[in-house]
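Student: sharing a model that was predicted from the sequence below.
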Amino acid sequence: MSARPILLLFLAFFVTRAFALDLNDRLEDACFTEISMFCRKAPRKLEPRLKCLKAESEVLTPRCANGIKAVHEAIAKTQVEAPLVESTASVKVSTKAPAPALPTEIETHLTRFDGSVYVHLANQQGDQYLKAEKNMPLDKGDLVRTGTDGKAELTINAESVIELGPDTDFQIDSLDPKKIEWRLLVGSFVAKIRSLVEGQDMRFNTASAVAAIRGTELAMKQDADTTSVAVLDEGRVTVTSAKGGEPVFLKPNQETRVQAGKGPTPAVALTAKPDLRKQIEEARSRATQVKKEWKPMGAKGRADMRQLLGKKPAIAGDKLTNVQRKAPAAPVGGKPAPGSGGKSPAPAPAAGKGASNPPPAAPAAGGKAQAAPQARPASAPAQNKQAPSSGQNQQGQTPQSGKKQSPSPKK
């Protein structure tokens, strides 16, 4: 047997193997979310993954479905051209498309707003806010607050949008390109998030839940101690309790609820919500439109703009128009969130009930939380106890009417 046929067989073997590895990489790039959620136990090979994804065909994203179609077409084309290997030793191998690169930074702008919308910059002291401005650059630690008549839109790197509803407090926890985190303190939003690149992680946090995504149409609402999470027509979301525990995986058109201190409820079909459908359709349209309107500022441009914003007159939280909160925002990362911003400050807990009351009112303009009066413990010294019901003090003397009781005489 001559060496030429043997050489051609070896060449065909290695080319076919390289081609299969290339297709496997292309499939993983297109269906990363689906593979990580539904095919984690499948061998990291092309055929087992295609078989696994076929079983989940009814819930695949358009990106993944198109990727699978492209892989099948490439396989069919290779099978037709395979006989040419033996005669010409010439095989056409597709060039692997470069994987999308991890962005060097995450640039976020307040691209649109309506009604009463305010921003608390991370470097502002206490409960101070600025009026929202179009294309205002946002950074880690900033908080966007909408009033009862307010709506706001955040755009991330010209590709993804987050639409905040009325009566919402939304904070930026991290803009690290590898780990992007947001925090919904109260209120609601819908988001159209593009597929993340490999190595990226995005999470939406609340007081009771964590929603991890890789690219999806998402809706969340935080009301009292309950978080509602829903996936619209695209994407997957992993929902866990803020305290950890077993996750719940949401497919398109599914939702779950998480109460504080408890795990998420089982995924159920998303109930008909015409308003929510209207909001996500608008978010889809905006995600396309902002690409045309986006004007990147760069790190220096954002820093200069924020420096100018810091010189503008601030507004105290209790002076914000159309902003009323039933409860103050929960502290985040050990730093008290800005105040509740209502027309009248939240009342402090009554004496003697501090242990069972809700969290104290948010800090005033000075930046320190207002401490509620506390009842003296039973073990306090005798001179600090309340006067007996008979109207006498501890020494048996009746205090004068309309005057405060005199302290005990010095020893």
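Tutor: Ah, there it is. Numbers count the residues shown, from 1 in each chain.

Student: show me where the stretch 251-400 of the chain has helices.
Tutor: Ranges of helices in the stretch 251-400 of the chain, per DSSP state H, counting those that start in this stretch, are 274-293, 298-310.

Student: for the shortest one, packing partners?
Tutor: Think helix 298-310. strand 136-138 (3 or more CB pairs under 8 Å, 6 or more residues apart in numbering; DSSP states H and E). To be clear about C-beta, it is placed using only N, CA and C from the backbone, and glycine gets the same treatment.

Student: Provide the strand pairings for the strand it packs on, with the direction of each partner.
Tutor: strand 108-114 (antiparallel) (DSSP bridges).

Student: in what helix or strand does residue 196 lie?
Tutor: Under DSSP states H and E, no helix or strand contains residue 196.

Student: now the helices of the stretch 251-400 of the chain as JSON lines including distance to residue 170?
Tutor: Below are the helices of the stretch 251-400 of the chain laid out as JSON lines (distance: least, CB to CB, whole Å):
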{"stretch": "helix 274-293", "distance to residue 170": "15"}
{"stretch": "helix 298-310", "distance to residue 170": "18"}
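
Student: of those, which is nearest residue 74?
Tutor: Nearest of these to residue 74, taken as CB to CB: helix 274-293 at 29.2 Å.

Student: for the closest one, buried residues please.
Tutor: Judged by neighbour count (16 or more other CB atoms under 10 Å), helix 274-293 contains these buried residues: 276, 279-280, 283-284, 286-287, 290.

Student: what mean pLDDT does that helix get?
Tutor: Helix 274-293 shows an average pLDDT of 92 in the prediction.

Student: now do that helix: which elements does it pack against?
Tutor: When contacts are defined as 3+ CB pairs under 8 Å, 6+ apart, helix 274-293 packs onto strand 108-114, strand 160-164, strand 179-193, strand 216-223.

Student: dump the buried residues of helix 274-293 to JSON lines, plus distance to residue 269.
Tutor: Shown next, in JSON lines, are the buried residues of helix 274-293 (distance: CB to CB, whole Å):
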{"residue": "276", "distance to residue 269": "14"}
{"residue": "279", "distance to residue 269": "19"}
{"residue": "280", "distance to residue 269": "16"}
{"residue": "283", "distance to residue 269": "21"}
{"residue": "284", "distance to residue 269": "21"}
{"residue": "286", "distance to residue 269": "27"}
{"residue": "287", "distance to residue 269": "25"}
{"residue": "290", "distance to residue 269": "31"}
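
Student: just curious, which of those is nearest to residue 112?
Tutor: For the buried residues of helix 274-293, the nearest to residue 112 is residue 286 (7.6 Å; CB to CB).

Student: where does pLDDT dip in this structure?
Tutor: For the chain, applying pLDDT under 70 flags the ranges 1-21, 58-59, 78-99, 326-411.

Student: so what sits opposite the spatially closest residue to residue 168 that is not a sequence neighbour in the bridge?
Tutor: Closest residue to residue 168 apart from its sequence neighbours, by CB to CB, 6 or more residues apart in numbering: residue 187 at 2.6 Å. Residues in a beta bridge with residue 187, per DSSP bridges, are residue 222.

Student: wait, doesn't residue 42 sit right on residue 48?
Tutor: Yes. Judged on CB atoms under 8 Å, residue 42 makes contact with residue 48 at a distance of 4.4 Å.

Student: contacts only, for residue 124.
Tutor: 130, 310, 314 (CB atoms under 8 Å, 6 or more residues apart in numbering).

Student: any of these buried? List them.
Tutor: 130, 314.

Student: in a markdown table: the contacts of residue 124, plus distance to residue 76.
Tutor: Formatted as a markdown table, these follow (distance: CB to CB, whole Å):
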| residue | distance to residue 76 |
| --- | --- |
| 130 | 59 |
| 310 | 61 |
| 314 | 64 |
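
Student: state the distance from the closest residue in space to residue 218 that isn't next to it in sequence to residue 254.
Tutor: Using CB to CB, 6+ apart and skipping residues adjacent in sequence, the residue nearest residue 218 is residue 191, 4.8 Å away. As judged by CB to CB, to the nearest Å, residue 191 and residue 254 stand 16 Å apart.

Student: neighbour count for those two, which is higher?
Tutor: Neighbour totals were compared for residue 191 and residue 254, and residue 191 leads with 25 against 20 (other CB atoms under 10 Å).

Student: the more buried one pairs with what?
Tutor: With DSSP bridges applied, residue 191 shows beta-bridge pairing to residue 162, residue 218.

Student: for residue 37, see how far away it is.
Tutor: Plainly put, residue 191 is 19 Å away from residue 37 if you go by CB to CB.

Student: and this protein, what are its domain boundaries?
Tutor: As assigned by automatic domain parsing, the chain contains the domains 3-88, 108-310.

Student: show me what contacts the closest residue to residue 150 other than its chain neighbours?
Tutor: Spatial nearest neighbour of residue 150, excluding adjacent residues (CB to CB, 6+ apart): residue 115 at 3.8 Å. Listed by CB under 8 Å, 6+ apart, the contact set of residue 115 reads 146-147, 149-151, 166, 322.

Student: all set now, cheers.
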